[in-house]
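> sharing a sequence plus its predicted fold:
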Amino acid sequence: MSQDFRLFPERASSYALEVDHLYFFLIGMTVFFAGLITCALLFFSMRYRRSLGRRGDHERATLAIELVWTLVPLAVVLFVFVWGARLYFAASMAPGEAMEFLATGKQWMWKIQHPTGQREINALHVPAGETVVLTLTSEDVIHSFYVPAFRVKRDVVPGLYSRVWFRADRTGTFHLLCAEYCGTKHSQMIGSVVVLEPEEYERWLSGVPAGASPVEEGALLFESLRCASCHSPASGRRGPDLAGRYGGQAALADGRSVAFDAEYVRESLLDPARKVAAGYEPLMPTYAGQVNEAQVLQLIAFIKTLAPGAQPEEPR
């Protein structure tokens with residue numbers, strides 16, 4: 001058989017093997033029950049063919065049969081549900097420490113920034129054996145980040161943030177695709193994930209101009225947009241202090257309380273009048289059209305690092 005022909009995508013992560021186990025179980029279960037039903041159909045058709053059109057006293061409901069064909073499918077379905085739910089939650093939450101990448105979908109490319117500042121388009125270099133987490137968003141339409149070899153796929157919706165993680169367990173180059181029709185050149189939105197040994201990855205990093213990291217670029221944006229003029233202790237309390245707030249709760253002027261997360265930060269930047277912080281006037285201008293989605297992600301990365309007492313000074 002040709003090496004270019006594969007019935008199933010190659011596997012390059014431990015999670016991929018778990019997904020394949022469930023998939024093969026579903027195929028096996030489908031074949032088993034299809035065969036069982038077909039054999040039963042043929043057997044009873046031949047066994048009782050002479051009684052066609054006649055009814056006898058022996059025809060009666062059997063409780064045991066009713067229970068079997070009700071409880072057995074129920075047990076199988078619940079088993080598959082629990083198995084699938086476990087895999088779903090495992091795919092949603094990265095285990096332990098991870099390398100944080102930023103990825104933005106745009107017609108028709110993936111723009112990716114490394115935690116150390118390196119940038120790539122339609123390519124992602126990662127070290128083998130390391131947990132990689134990508135925060136995903138879109139600048140225009142719905143995309144879908146899909147790496148078949150890792151069995152990971154996540155829809156990327158404009159205005160929302162999604163996260164996907166994987167841990168490659170072998171080196172190589174693997175397809176990176178968009179699995180959601182996103183326009184006329186959707187079929188050309190093809191990239192690659194290049195998995196290197198940790199030492200090779202470090203050499204690759206050293207050979208690529210790094211520039212500023214997402215946190216450093218977010219700090220520069222925070223200063224250039226003069227955010228500290230309202231969000232620093234010296235600002236006269238024109239805006240809430242952001243230090244140590246990320247991951248907590250934000251009290252709003254209308255009495256509600258919402259999560260202080262990436263979605264809240266993005267909305268506060270682009271539509272600040274929608275959710276005004278409790279105790280403050282709606283003075284913040286909108287930055288829609290002044291910052292793109294990649295820059296919003298950089299600002300979020302910087303705000304995440306602000307610990308209590310580490311608020312940047314107001315720019316002079």
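Great, that's in hand. Keep in mind the model is a prediction, meaning the values are calculated, not measured.
> quick check: the gap between residue 76 and residue 262.
For residue 76, the distance to residue 262 (C-beta to C-beta, to the nearest Å) stands at 39 Å. Yep, even glycine has a C-beta here, placed from its N, CA and C like the rest.
> neighbour-wise, which of the two wins?
Neighbour tally, residue 76 and residue 262, criterion other C-beta atoms under 10 Å: the higher count belongs to residue 262, 21 against 12.
> stretch 249-269: end-to-end distance?
End-to-end distance of stretch 249-269 (C-alpha to C-alpha, to the nearest Å): 17 Å.
> what's the offset of stretch 255-263 from the middle of its chain?
Centroid separation for stretch 255-263 versus its chain: 20 Å, with C-alpha atoms, centre = their mean, to the nearest Å.
> residues of that stretch that come out buried?
Residues 260-262 are the ones in stretch 255-263 that count as buried (16 or more other C-beta atoms under 10 Å).
> residue 84 sits in which helix or strand?
Assessed by DSSP states H and E, residue 84 sits inside helix 63-92.
> what residues of that helix count as buried?
Neighbour counts over helix 63-92 (16+ other C-beta under 10 Å) mark 87, 91 as buried.
> could I have the lowest-mean-pLDDT helix or strand in the chain exported to CSV, CA atoms only?
Least confident helix or strand of the chain, by mean pLDDT, DSSP states H and E, is helix 228-231 with a mean of 81. The C-alpha coordinates for helix 228-231 follow below in CSV (Å, rounded to 0.1, in the frame of the first residue of the first chain):
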residue,chain,number,x,y,z
ALA,A,228,-2.6,54.5,33.0
SER,A,229,-4.0,58.0,32.9
CYS,A,230,-7.2,56.5,34.3
HIS,A,231,-6.2,53.1,35.6
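> wait, residue 170 sits on residue 127?
No. In this structure, residue 170 is not within contact of residue 127 by C-beta atoms under 8 Å, at 11.9 Å.
> who's more crowded, these two?
Higher neighbour count among residue 170 and residue 127: residue 127, with 19 against 13, using other C-beta under 10 Å.
> from residue 126, how far out is the residue lying closest to that one once chain neighbours are set aside?
Closest residue to residue 127 apart from its sequence neighbours, by C-beta to C-beta, 6 or more residues apart in numbering: residue 201 at 3.9 Å. For residue 201, the distance to residue 126 equals 7 Å [C-beta to C-beta].
> one more: residue 291?
27 Å.
> hmm, back to that, what about the buried residues of stretch 255-263, which are in helices?
When those are checked against helices (DSSP state H), the matches are residue 262.
> out of the buried residues of stretch 255-263, which is nearest to residue 154?
residue 262 (14.7 Å; C-beta to C-beta).
> does the closest one touch residue 300 like I think?
Yes. If you go by C-beta under 8 Å, residue 262 and residue 300 touch, sitting 5.1 Å apart.
> re earlier: next SSE downstream of the least confident helix or strand of the chain?
Following helix 228-231 in sequence, per DSSP H and E, is strand 249-251.
> which residues touch that next one?
Strand 249-251 is contacted by residues 240, 257-260, 264, 275, 277-279 when judged by C-beta atoms under 8 Å, 6 or more residues apart in numbering.
> let's have these in a markdown table, adding distance to residue 100 and pLDDT.
Formatted as a markdown table, the contacts of strand 249-251 follow (distance: C-beta to C-beta, whole Å; pLDDT from 0 to 100):
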| residue | distance to residue 100 | pLDDT |
| --- | --- | --- |
| 240 | 25 | 85 |
| 257 | 27 | 90 |
| 258 | 23 | 90 |
| 259 | 19 | 90 |
| 260 | 18 | 90 |
| 264 | 19 | 89 |
| 275 | 26 | 87 |
| 277 | 27 | 87 |
| 278 | 31 | 86 |
| 279 | 32 | 83 |
